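# Okay, predicted coordinates and the sequence, questions at the end:
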Protein chains: 2
Amino acid sequence: MRVPLDGLPEKVTIYEVGPRDGLQNEDAIVPVADKAEFIVRLADAGLRTIETTSFVHPKWIPQLADAAELLGVLTRDPAISHPVLVPNEKGLDRALANGVKQIAIFGSATESFARRNLNRTVEESLAMFEPVVERALAEGLWVRAYVSMACGDPWEGDVPIDQVVSVAKRIMDMGCSQLSLGDTIGVGTPGQVTALIESCAAAGIGVDRLAVHFHDTYGQALSNTLAALRAGVTTVDASTGGIGGCPYAESATGNLATEDLVWMLNGLGIETGVDLDKLVSTSRWMAERLGRPSPSRVVQALSPKE
Amino acid sequence: MRVPLDGLPEKVTIYEVGPRDGLQNEDAIVPVADKAEFIVRLADAGLRTIETTSFVHPKWIPQLADAAELLGVLTRDPAISHPVLVPNEKGLDRALANGVKQIAIFGSATESFARRNLNRTVEESLAMFEPVVERALAEGLWVRAYVSMACGDPWEGDVPIDQVVSVAKRIMDMGCSQLSLGDTIGVGTPGQVTALIESCAAAGIGVDRLAVHFHDTYGQALSNTLAALRAGVTTVDASTGGIGGCPYAESATGNLATEDLVWMLNGLGIETGVDLDKLVSTSRWMAERLGRPSPSRVVQALSPKE
């Protein structure tokens, strides 16, 4: 039943991260032809922003080692945005050489994760991003910045909101178009999410430039999304099928499933342009390739019972 | 991190349904001694309202055929409420004979489910409840009423809000103390939940007498809970470990997991009196008895990795 709720936006842009954040966190290495088909199917289901791959060194993420090849075989519809993650200037060179028009950079709100993920301090990572963003903007690219560990850090525990906003502000001041606040370990709750968004706005990063990126590790992703929508955010990251962490073997570390998000938005009468049935069928197809059921509740509920 | 959110209550009562709604929907039949231990552990974790069992005929629910035996072996702390589900007058007789002080009756908002679950029309079911509630009140019992299929019905689809409120009103007018609105198939979304609660209030069933009962079939249980809290509800049904439907074999039809609820409420600084670690350890113990992992995200996240 469609029943709107006061104070929510009329329209939400889903920033699909399945092909990149999803697949990079799966054990299986998906063949390039299947990745291309996945992206085409996501576009056919109505998604208009699809983070496609990453130019991170294959030593670190073998799952996405075929980034250049994938971009080569993919027919890119100009109506669809295909951002690619670039970790540094070398990644930017490769993105530019492969005709990429939108990039994403991936920062950390905490020293511990900057050290572990980027092998440098937060300050050094900002210095590394600066020429990437500068050159990307000069080349006319659209640039998104992730700030990860925005609600908590596995080594540091609580991450003060001011610390997140301070890193976010430094990155956005470089000229990025969009900031994605990432609760990488899924510990955040709706009050914290609301306060974080309000603090970003108070620091001059308005909600029109904000996106939220939730993981469902503690089951909080969708209620945090609801809080973010109430706070005025209209861009939400999600991963079709909830891929990016298998809930069966270990803990559920996956992204918010696009289908579970679309179910809520449909019920609220919020426009997304997404065809849920096509998305579910895509997730079932991908689940076969990954060799395990989709962790999305909606995909499970709408799939035929065995 | 604890960050409150404006407009939410300071304190929430968790109405634990694991031993009844959880276990009745599991394939495994848990021995009576384990059920008693389960309930004692839930109380030790701080839960103060624990729906304990049901006097439904064992032919329909063999999982709870040991209701009288369980009540016999259970040491009932007078500080803890132990409601028992009774389907009809025969069930009430058995509840009274076994010293039960709180009962719950289980109605349906739709004709299709009334027919399938109660083998009568909605009108006939109300006529059946009337003497149950009357006698229970005369005996000094506390009476809760469930209205199931409150957000949708598998045979009828959408269930009009007015229809739910009309059934709820008839039941509450019999003198019940609490109404639990049950989204039995988990299809509801936050706008619908808010409208339903507001319509109940407009019909004279104030939020102080309301509880919400969500299933996570479509991943909506926690965001619907957030919406209900915003609408003023302070009693939330949940099932420790999310038991009551296994997400591994078929679709995830389980109840909202108490742990996932407590994680959100803790983060929001809302008092529940529950010790999350004790609850998680209880769920891991019960999962062993049920022979499968807990579907609760929090239980999975806080359990040691294999």
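That came in fine, so what should we check first?
# Point out the other helices and strands that the helix or strand harbouring residue A:301 packs with.
Assigned by DSSP states H and E, residue A:301 belongs to helix A:297-302. Helices and strands touching helix A:297-302, by 3 or more CB pairs under 8 Å, 6 or more residues apart in numbering or on different chains; DSSP states H and E, are helix A:258-267, helix A:276-290. Backbone N, C-alpha and C define where each C-beta goes, glycine included.
# Need the ones you listed in CSV (columns: distance to residue B:15, mean neighbour count and mean pLDDT).
Formatted as CSV, the helices and strands packed on helix A:297-302 follow (distance: least, CB to CB, whole Å; neighbours: other CB atoms under 10 Å in any protein chain shown; pLDDT from 0 to 100):
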stretch, distance to residue B:15, mean neighbour count, mean pLDDT
helix A:258-267, 24, 26, 98
helix A:276-290, 32, 20, 97
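# was I right about residue A:222 contacting residue A:261?
Yes - Residue A:222 lies in contact with residue A:261 (CB atoms under 8 Å); the separation is 6.8 Å.
# what do those two both touch?
Here residue A:222 and residue A:261 have no joint contacts, going by CB atoms under 8 Å, 6 or more residues apart in numbering or on different chains.
# related to what we said a few turns ago, what is the rounded mean pLDDT of the helix holding residue A:301?
For helix A:297-302, mean pLDDT is 92.
# re earlier: between the helices and strands packed on helix A:297-302, which one is closest to residue A:244.
With CB to CB, the closest approach to residue A:244 among the helices and strands packed on helix A:297-302 belongs to helix A:276-290: 10.5 Å.
# Show the contacting residues for the residue of the stretch 101-250 of chain A found nearest chain B.
Proximity of the stretch 101-250 of chain A to chain B (CB to the nearest CB) peaks at residue A:189, 2.6 Å away. Residue A:189 is in contact with A:220, A:223, A:224, B:1, B:3, B:263, B:264, B:266, B:267, B:268, counting by CB under 8 Å, 6+ apart.
# Can you convert those into TSV and add a column each for distance to residue B:86?
Compiled in TSV, the contacts of residue A:189 are given as follows (distance: CB to CB, whole Å):
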residue	distance to residue B:86
A:220	36
A:223	34
A:224	39
B:1	43
B:3	42
B:263	33
B:264	32
B:266	34
B:267	37
B:268	35
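# okay, among those residues, which ones form the most distant pair?
For those, the farthest-apart pair by CB to CB is A:223 and B:1; their separation is 15.4 Å.
# Neighbour count for the two, which is higher?
Set side by side, residue A:223 and residue B:1 show more neighbours around residue A:223, with 30 against 18, by other CB atoms under 10 Å in any protein chain shown.
# What is the three-state secondary structure of the more buried one?
helix (DSSP: H, G, I helix; E, B strand; the rest coil).
# Now for it: which residues touch it?
Residue A:223 touches A:189, A:190, B:222, B:223, B:225, B:226, B:264, counting by CB under 8 Å, 6+ apart.
# hang on, the third one packs against residue A:220?
What that stands for is residue B:222. Yes - using CB under 8 Å, residue B:222 is in contact with residue A:220, at 6.9 Å.
# and for those two, which residues touch both?
Shared contacts of residue B:222 and residue A:220, defined by CB under 8 Å, 6+ apart, are found at B:260, B:264.
# so what secondary structure elements neighbour the longest helix seen in chain A?
In chain A, with assignment by DSSP state H, the single longest helix is helix A:122-138. Secondary-structure packing of helix A:122-138 (3+ CB pairs under 8 Å, 6+ apart): helix A:89-97, strand A:102-108, strand A:142-148, helix A:161-172.
# So what's the residue count around the residue lying closest to residue A:142 once chain neighbours are set aside?
Leaving aside its sequence neighbours, residue A:142 sits nearest to residue A:102 (CB to CB, 6 or more residues apart in numbering or on different chains; 4.3 Å). The tally of other residues near residue A:102 (other CB under 10 Å) stands at 19.
# contacting residues for residue A:102?
A:81, A:82, A:83, A:84, A:141, A:142, A:143, A:144.
# got the residues of the stretch 101-250 of chain A near chain B?
Residues of the stretch 101-250 of chain A found near chain B (CB under 8 Å from any CB of the partner chain) are A:151-152, A:158-159, A:186-192, A:194-195, A:216-220, A:222-223, A:225-227, A:247-250.
# which of these are buried?
For those, a burial check counting by 16 or more other CB atoms under 10 Å in any protein chain shown picks out A:151-152, A:159, A:186-192, A:194-195, A:216-220, A:222-223, A:225-227, A:247.
# Just the ones of those residues in helices?
Using DSSP H, these in helices are A:190, A:191, A:192, A:194, A:195, A:222, A:223, A:225, A:226, A:227.
# mind listing what the residue lying closest to the first one once chain neighbours are set aside touches?
On the basis of CB to CB, 6+ apart, the spatially nearest residue to residue A:190 that is not a chain neighbour turns out to be residue A:227, at 3.5 Å. With contacts defined as CB under 8 Å, 6+ apart, residue A:227 is in contact with A:190, A:191, A:193, A:194, B:5, B:226.
# what do you get for residue A:277?
So residue A:277 contacts residue A:302 (CB under 8 Å, 6+ apart).
# Below-threshold pLDDT in the stretch 101-250 of chain A: ranges please.
Within the stretch 101-250 of chain A, the ranges that satisfy pLDDT under 70 run A:245-250.
# from the contacts of residue A:102, which two are the most distant?
Using CB to CB, the contacts of residue A:102 span at most 13.9 Å, a distance reached by A:82 and A:143.
# which residues does residue A:67 contact?
By CB under 8 Å, 6+ apart, the contact set of residue A:67 is A:53, A:54, A:55, A:84, A:94, A:98.
# any chance you could read off phi and psi for it?
Backbone dihedrals for residue A:67, given as degrees, to the nearest 10, come out at phi -50, psi -50.
# picking that back up, name the nearest of the contacts of residue A:223 relative to residue A:238.
Distances from residue A:238 to the contacts of residue A:223, taken by CB to CB, are shortest for residue B:223, at 13.6 Å.
# got a list of what the closest residue to chain B within the stretch 201-306 of chain A touches?
Distances between the stretch 201-306 of chain A and chain B by CB to the nearest CB are smallest at residue A:267, namely 2.6 Å. By CB under 8 Å, 6+ apart, residue A:267 lies in contact with A:1, A:2, A:3, B:187, B:188, B:189, B:190, B:191, B:192, B:220.
# of all the residues you listed, which comes closest to residue A:202?
Checking those against residue A:202 by CB to CB gives residue B:190 as the nearest, at 26.3 Å.
# In this structure the closest one contacts residue B:221, no?
No - in this structure residue B:190 lies outside contact range of residue B:221 using CB under 8 Å: 11.1 Å.
# Pull up the gap between the nearest residue to residue A:164 once chain neighbours are set aside and residue A:221, please.
Computed as CB to CB, 6+ apart, the closest residue to residue A:164 that is not its neighbour in sequence is residue A:109, at 4.4 Å. Distance of residue A:109 to residue A:221, computed by CB to CB, to the nearest Å: 18 Å.
# Looking at the two, which is more packed in?
Each of residue A:109 and residue A:221 has its neighbours counted (other CB under 10 Å); residue A:221 has more, 31 against 27.
# got the contact list for that one?
Residue A:221 makes contacts with A:186, A:214, A:215, A:255, A:256, A:260, as judged by CB under 8 Å, 6+ apart.
# coming back round to it: how about the residue of the stretch 101-250 of chain A closest to chain B, nearest residue that isn't a chain neighbour?
residue B:267 (2.6 Å).
# circling back to that earlier point, of all pairs in the ones in helices among the buried ones among the residues of the stretch 101-250 of chain A next to chain B, which one is the farthest apart?
Using CB to CB, the two most remote members of those are A:195 and A:222, lying 18.7 Å apart.
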